[in-house]
Structures are given as structure tokens and as C-alpha cells.
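Peer 1: The following block contains a protein sequence and its predicted model.
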Amino acid sequence: YARQVVDTLASPSMQGRGYVNEGDRTAAKYIADEFKKAGLKSFKSTYYQKFSFAINTFPGEVSLQAGSRKLVPGTEFLVGSSSGFISGEYELLWLDKSTAGDKKKLKKLLKQKNEQKIVVVDTAGIQDAFKKAQSWIGKAAGVIHIREKLTWDMSQAISKQFSFEVIRGALAASDKKAAVKIQCKYIPDYTSQNVIGYVEGSQHADSFIVFTAHYDHLGKMGPDVYFPGANDNASGIAMLLSLARHYAKPGNKPRYSIAFIAFSAEEVGLLGSQYFVSNPCFPLKRIKFLVNMDILGTGDEGITVVNATVFDSQFKQLQKLNAQGSYLKEIKPRGKAAISDHYFFTYNGVPSFFIYTLGGIKAYHDVYDKRETLPLTEFEDLFILLTEFTSYIESY
């Protein structure tokens, strides 16, 4: 079942679960349908909790050409997520070891006017020069950053300066001009939705154990490139739905109610969980414990538990259960970190963990985070461990 969920959510039909072609809404409907099939209850008339936010998207053409060579979107370049609508040919000014390797060269470079040009930044071996050149770089029409790995993100604003990330080797120092085209669409009030269901407890119906995972990802960049987000976070949703199906079965009915929340807009800045915490479907003080799951597709090296040092007794019990069952190689502790949807719950006094797997594939926020290469190495063992941990939480 987990493989089926990952394969579906990371498929091209989900549009990268972002905000081009309503990918987020397609994914939300799939999750809501799975909740319904499992028999989960909803707090309101539907499973949806709608909220709005600003987002910059790239539904149209995004291209970068140096000479006669068109760079390949996704694998050779990414557009900066705060880039605006632009089209034109620009002269390239290189800020690298050959042009800024010593003070004399750097001084000469920084005297050049760059307001109508693109600065190509290759920081290898020139970190100090790069720091000194910040204000000069900021004046350029655009910036190209040379990277060892391409990593995308999302932006809620459009900056004055457009930018690209380009993989090392895709541009040559001999390239003196580049033709760029960026067709963005800024949406000031996009409406997305959290998807929320629950299984009612047999003894403590008004108290909750909560499982959360974000379903959104980075969507599309241009008409042809989509970010599958198999590990981040189709894998977490696969666990959320697997647990929902498990506890919805009459033989597994929990004593405490268990809520299952699939958040949107995590990649935009934890917006879905922030909205929920400000507009909860049930009082936050009624949450006995919350487990947030993000990036659960591997596990070769075990898992990390954020907030382990904050909720020490629960963490020690999790380690004890793991040792007894010989499930995962290691459970590493980590302190507080504002890096996923547990954060606003923790900030508001809700006992919570954020769990992510370690080892295996390195794909992250790129076009390589695909369903075909996601192993789900320790998924079953982690599922069993989470059900045993839930039983422990119910017992105290």
C-alpha cells in the first residue's frame, strides 16, 4: 500500500504537488479519498481546512541559453524562485578565480558597470572576494550561481533581480552572453488546504494522539519539469495513510482519538501547520502527543528524532522499544529545530517529535527525488515501531 501511495503522489499527474495546474488540490483530493475509504471521520463537513497565501510560480517557459547551447531545465539549471517575468539577452560578467583571484583583479572587476548584465558567481576558492563583492552583485540585472548540486525552493515574493542556479560544467568561462526567458505567475492569494481526519477513541474521545505529514512539494518549473518529491514527502504521507488505515480497523481501535493531518504549504514556510495551530479543529491542550513525519523513504542508517532532548522520557521509551524489536539500526537524538511541521505545535506547548530517516539516496529538492529510486528500506519496521510507541503514549 505504501508503495502505491508513493507511486501515485510522485507521478506526473500530481504536477509536483505545488501550485501550478492545482497540483496541491489533486493531491489533497487523493488523500481525502483515502481517508474516506479507510473510514476516518471529519471534524467539519469535509476533510479540508482551507487557507490562502501568496506564491510565485513558473507555469510558462523558463529557458537559459549560452551561445547556441540551450541548457536543460531541471538537470542543468533551476530558476531562482523569487525571479520575475523577464526576456532578453545579457552580457555575462564572471566572478570567479580567474577574475577575482587576487585584490588587483577583484578591484578591476568591481569597477565594471553591471546594471544591465548578469553576474556569474563561482565561489570556488574566492569566498573572501565573494563577500566583498556582495553590494556589487546586488546591482546586477541577474545572477547565475554555479553549484555542485541543484536545489530548488519556493518564494512568496518577487525580487528586483532574477537568478539561476547552474550545475558546474554547464557553462564555460568562454561564454560571454546568455539569452534568458522567465515566464512567472505571481499569485497574491492562492487557496490551498490541509486535509484532516480522525479515528475516535474508545475511552478518551476528547483527547488526541496526532500524526502529521506534509503532502505539498515544489510543483513545476516551466511546462516540462516537475519535482516528484517521492521521499519529500510522499513517503511521510504513505506512513500517515498506512497508520490511518491501521487504526480505522475495528480490531485496532485506539483508546485515545487519533488525528491524521496532511499539511499543505510546508515547503513555502510551514504555512499549513502554522494556520492549523492558529485555527485548530480541537484544543491544542487536548493533544497527548504529536508525531510529525517528513522524509521516511530510506532508513539504512536509522532515524533522527527532533525534540528528543526536550521530551527525554518519551525518547528513551522509543529507543527501548526499538532495541526490544531490533527494528532500526539507530535512533539519533536531536534538539529543537524549526525545520518541519512539528515546530508551531512545539512552540505552543504540544509534546511532539519530528522523525526523519537516515542514509540511502541523497536526492533532495531536485528532479531526482523519484518514485523509481525510493527504496522504502525501513518503512515496515518504522510502522511497527510507531504503533508500539502509540500504545506506550496511550498507557501513561
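Peer 2: Here it is on my side, so go on. Numbers count the residues shown, from 1 in each chain.
Peer 1: What is the burial count for Tyr327?
Peer 2: 21 (other C-beta atoms under 10 Å). Heads up, the C-betas are built off the backbone N, CA and C, glycines and all.
Peer 1: At which residues are the strands of the stretch 101-250 of the chain located?
Peer 2: Using DSSP state E, counting those that start in this stretch, the strands of the stretch 101-250 of the chain run over residues 118-121, 142-147, 162-167, 177-182, 185-199, 204-214, 220-221, 225-226.
Peer 1: now for the longest one, which elements pack on it?
Peer 2: In this structure, strand 185-199 makes packing contacts with helix 23-38, strand 48-57, helix 235-248, strand 256-263, helix 271-278, judged by 3 or more C-beta pairs under 8 Å, 6 or more residues apart in numbering; DSSP states H and E.
Peer 1: same question, the first one
Peer 2: Judged by 3+ C-beta pairs under 8 Å, 6+ apart, the packing partners of strand 118-121 are strand 86-95, helix 134-138, strand 142-147.
Peer 1: what mean pLDDT does that strand have?
Peer 2: Average pLDDT, strand 118-121: 98.
Peer 1: What pairs with that strand, parallel or antiparallel?
Peer 2: Using DSSP bridges, strand 118-121 pairs in its sheet with strand 86-95 (parallel), strand 142-147 (parallel).
Peer 1: How about the contacts made by the nearest residue to Ile137 once chain neighbours are set aside?
Peer 2: Spatial nearest neighbour of Ile137, chain neighbours left out: Val119 (5.3 Å); criterion: C-beta to C-beta, 6 or more residues apart in numbering. Taking C-beta atoms under 8 Å, 6 or more residues apart in numbering, we find Val119 in contact with 92-95, 136-137, 140, 142-144.
Peer 1: same thing with Ala141?
Peer 2: Ala141 makes contact with 90, 114-118, 161-162 under the criterion C-beta under 8 Å, 6+ apart.
Peer 1: hmm, try it at 7 Å
Peer 2: Applying C-beta atoms under 7 Å, 6 or more residues apart in numbering, we find Ala141 in contact with 90, 115-118, 161.
Peer 1: Drop anything exposed from the residues you listed.
Peer 2: 90, 117-118, 161 (16 or more other C-beta atoms under 10 Å).
Peer 1: In JSON lines: the residues you listed, plus distance to Ser83.
Peer 2: Listed next are the buried ones among the contacts of Ala141 as JSON lines, based on distance: C-beta to C-beta, whole Å:
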{"residue": "Tyr90", "distance to Ser83": "13"}
{"residue": "Lys117", "distance to Ser83": "16"}
{"residue": "Ile118", "distance to Ser83": "12"}
{"residue": "Gln161", "distance to Ser83": "8"}
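Peer 1: Relative to the host helix or strand of Lys288, what are the paired strands and their orientations?
Peer 2: Assigning secondary structure by DSSP states H and E places Lys288 in strand 287-293. Strand pairing for strand 287-293, using DSSP bridges, gives strand 204-214 (parallel), strand 352-357 (parallel).
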